[in-house]
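[1] Build me a model:
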Amino acid sequence: MKAVDLHTHSSRSDGSYAPAELVDYAIEKGLCAVALTDHDTTEGLSEAIGHAGRLAAEGKPSIEVIPGIEFSTRHDDKDVHVVGLYINYDAPAFRARLQEFVDSRTSRNIKMCRNLQEAGIDITYEALIERSPNAVITRAHYASFLYENGYVKSRQEAFTRYLGDHTRYFVPREKVTPAQAIELILKAGGVPILAHPPLYHMGADKLDRLVCDLKDAGLMGIEALYSTYSHQDERDMIRLAEKYDLLLSGGSDFHGANKPDLDLGSGYGRLFVPQSCLEEIKKRLPHNSAYNRT
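    Predicted coordinates:
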């Protein structure tokens, strides 16, 4: 059975591959499907899907590109991410709500730049945009700027000193909840997936309560396979999925050069997300999905 990768990023958020390059690399890796799930943006989807379509029309090797997104949300002062797969990304209502996310992030970024300027760092929001045109600016872009301009010795130090949630320079975004992200994905005909739950370090009981609450809000799946999981993490996520009748999903969280040694499809070497996971997701596409063939 072939592999799929249902969690990847392009240069339209904080990855290093252009959307079309990501498609080419997925084909090179032998994947049968790849989901582009950039942070809070769908700007790369038309390029990725269009490129795959042109390859197929020319009789060249191609691949299924799944239109997706990864929403950054907050729950009990923790970042919680929700992936949406097979979203109707051109729906006017969806695009209007997404623009609100973009506007909120822009406002936050301008304030963070001002805070860093007060710390003696020569940084502007315009400079970040110039370095990464057409991208949604995330803290990863700040970390690269600080590292490449000699303000820190590593990207991790950038987060520890300047960008982490508990630093004096951090500015929180508008508090969008996981339930709100799930609602938006469902209205766009998509499948909402709770991304990499072990990374939230909540503890088993608290995570169980979160999954239970989100299931009531419409959550349909959970990332049971992920680049950094231990065997125990995988068993725990599969057990949670079975308990709450959730679909199994998974992906590398590929960012290209921005996450060195983490490869598309295989993560750090042992990741394998089987095509069967995607087939089960397709069987449960919402009725309002543009990709529902039933």
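
[2] can you confirm Pro67 is in a strand?
    Yes. Counting by DSSP: H, G, I helix; E, B strand; the rest coil, Pro67 is found in a strand.

[3] for it, which residues make a bridge with it?
    Leu36 (DSSP bridges).

[4] Would you check how far apart it and Leu184 are?
    Distance, Pro67 to Leu184, using Cβ to Cβ, to the nearest Å: 14 Å. Every residue, glycine included, has its C-beta placed from N, CA and C.

[5] likewise Cys277?
    Distance of Cys277 to Leu184, computed by Cβ to Cβ: 23 Å.

[6] Now the strand or helix carrying Glu234: buried residues?
    Assigned by DSSP states H and E, Glu234 belongs to helix 231-243. Under the neighbour-count criterion of 16 or more other Cβ atoms under 10 Å, helix 231-243 has 233-234, 236-237, 240-241 buried.

[7] after the helix or strand bottoming out on mean pLDDT in the chain comes which helix or strand?
    Of all helical and strand segments in the chain, the minimum by mean pLDDT, DSSP states H and E falls on helix 92-118, at a mean of 90. Next in sequence after helix 92-118, counting helices and strands by DSSP H and E, comes helix 125-131.

[8] Can you name the residues in contact with that next one?
    For helix 125-131, the external contacting residues (Cβ atoms under 8 Å, 6 or more residues apart in numbering) are 106, 109-110, 113, 137, 141-142, 144-145.

[9] Mind listing what's buried along the helix or strand following it?
    Toward the C-terminus, helix 125-131 is succeeded by helix 139-148 as the next helix or strand (DSSP H and E). Neighbour-count burial for helix 139-148 flags 139-147 (criterion: 16+ other Cβ under 10 Å).

[10] Go through those residues and say which is closest to His166.
    Of all the buried residues of helix 139-148, Arg139 has the smallest distance to His166: 13.3 Å, by Cβ to Cβ.

[11] Please report how far the spatially closest residue to the closest one that is not a sequence neighbour lies from Asn115.
    Distances taken as Cβ to Cβ, 6 or more residues apart in numbering put Leu163 closest to Arg139, at 4.7 Å, once the chain neighbours are dropped. Separation of Leu163 from Asn115 (Cβ to Cβ) stands at 10 Å.

[12] and what of His141?
    15 Å.
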